[in-house]
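Q: Sequence below, structure please.
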Amino acid sequence: MMDIRALGYVVVESTDLGRWEHFATRVAGLGVSPSASGENALFLKMDDYAWRIRVVQGAEDRYLCAGWELAGPQAFADAIRELDAAGIMWRRADAGQCAARRVQEMLAFTAPGGLACELFHGMVLDYLPPVSAAGSTQFVTGYHGNMGLGHIAAATPDLAASHRFFTQVMGFGQTDYLHLHMSPDPADPGQGLHFLHCNNPRHHSLALFESATPMPGNLVHLMFEVPDIDAVGAFMDRVHAHGVQIATNLGRHTNDRMVSLYVVTPAGFMLEFGYDGVQIDWSTYLPTRSSTTSHWGHRWGQG
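A: Numbers count the residues shown, from 1 in each chain. Modelled structure (predicted):
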């Protein structure tokens, strides 16, 4: 199995880069990267990494792919062998593509269930603080970013196949399983949700949500974590000041204990913005099964 260290970056397609820059810098608190750039692309940073979110000009507003970080060249070579053994078609980035991403090596593939992914190692650390129009915002990403930018939740029409690939090939570990019933109909079979961790203390870097219906913007949500409740409160004020659509009010999740709210990004998928997420020692952890998403709050459509 692979040794995935963290969610390194996310790539988004946008019909309006200016709208994304406004949302990212004036609402979310990200900075435009001074050390990464590209034609018809916006590179956004939150920590020592050269960038964390890449927004490319395109015909749609949607998630394009997630970049999963490996430890180095040997882990990259091992990952290629794992993909080949699993029968997954992949394509290697050329030198120009790697230079644009500020990484040493990178490859791309589509996982069972349809989630577009990239594997990389060696992104440049520029150590430059993210300069944001929203002021100085710090994000919880670990020492030199080793916990990754946060997490993503993605929909899959085949939960079993997706879960099998990410755990048995990609090497993610099981953190929690939740079975949701979105309808009051007693005959509704419900939908499963797996929370998976990689090789860092974050509760989950990937959540897989069972859904035959594609999600708005091709993703359920992206999560950013900040160090304290005041940073969440300041974000809430900016959300209201800039007229950003709120998906849920403030709440605390059961399994990762994150206090957060969800808003709608310019791509259509949601951004979860929160603090106080649990960090776990995996050597002593036992996977759980949860029966509800939140201790309190997270009511849909309420700001």
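Q: what about G114, how many neighbours?
A: When neighbours are counted by other C-beta atoms under 10 Å, G114 registers 14. Just so you know, the C-beta spots here come from the backbone N, C-alpha and C atoms, and that holds for glycine as well.
Q: What of P186?
A: The burial count for P186: 6, using other C-beta under 10 Å.
Q: Ok, D188 next?
A: Around D188 there are 11 residues (other C-beta under 10 Å).
Q: Find me the pLDDT at it, would you?
A: pLDDT recorded at D188 is 73.
Q: Please tell me how far it sits from L30.
A: 39 Å (C-beta to C-beta, to the nearest Å).
Q: before we move on, what about G67?
A: G67 is 16 Å from L30, by C-beta to C-beta.
Q: backbone phi and psi for W20, please?
A: phi -70, psi -40 (degrees, to the nearest 10).
Q: thought L44 was touching V56?
A: No: look at L44 against V56 with C-beta atoms under 8 Å: they stay out of range, at 11.9 Å.
Q: So if I had to pick from those two, which one is more boxed in?
A: Using other C-beta under 10 Å as the criterion, L44 and V56 rank with L44 on top: 25 against 17.
Q: what helix or strand does that one sit in?
A: strand 41-45 (DSSP states H and E).
Q: Now that strand: buried residues?
A: A41, L42, F43, L44, K45 (16 or more other C-beta atoms under 10 Å).
Q: All the helices of the stretch 51-200 of the chain, in order from the start?
A: For the stretch 51-200 of the chain, the helices defined by DSSP state H, counting those that start in this stretch occupy 73-85, 95-101, 159-168.
Q: ugh, typo on my part, it should be the stretch 201-303 of the chain
A: Under DSSP H, counting those that start in this stretch, the stretch 201-303 of the chain gives helices at 229-241.
Q: Now do the shared contacts for L44 and V56.
A: Jointly contacting L44 and V56 under the rule C-beta atoms under 8 Å, 6 or more residues apart in numbering is no residue at all.
Q: Kindly report the domain assignment for this protein.
A: 4-121, 143-297 (automatic domain parsing).
Q: For those, give me TSV that also has distance to A134.
A: Shown next, in TSV, are the domains of the chain (distance: least, C-beta to C-beta, whole Å):
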stretch	distance to A134
domain 4-121	4
domain 143-297	6
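Q: With respect to Y127, which of those lies nearest?
A: domain 4-121 (5.2 Å; C-beta to C-beta).
Q: Now do the end-to-end distance for that closest one.
A: In domain 4-121, first residue to last residue: 10 Å (C-alpha to C-alpha, to the nearest Å).
Q: Give me the distance from that domain to the chain's centre.
A: Relative to its chain's centre, domain 4-121 lies at 11 Å (C-alpha atoms, centre = their mean, to the nearest Å).
Q: Report the mean per-residue pLDDT for it.
A: For domain 4-121, mean pLDDT is 97.
Q: M258 touches F273, doesn't it?
A: No: M258 is beyond contact range of F273, at 9.7 Å (criterion: C-beta under 8 Å).
Q: In terms of neighbours, single out the busier of those two.
A: F273 (26 against 22).
Q: Wait, that one touches F23, no?
A: No: the pair F273 / F23 is not scored as a contact, 11.8 Å apart, by C-beta under 8 Å.
Q: Looking only at neighbour counts, state which of G67 and L30 leads.
A: Between G67 and L30, counting by other C-beta under 10 Å, L30 is the more crowded of the two (29 against 23).
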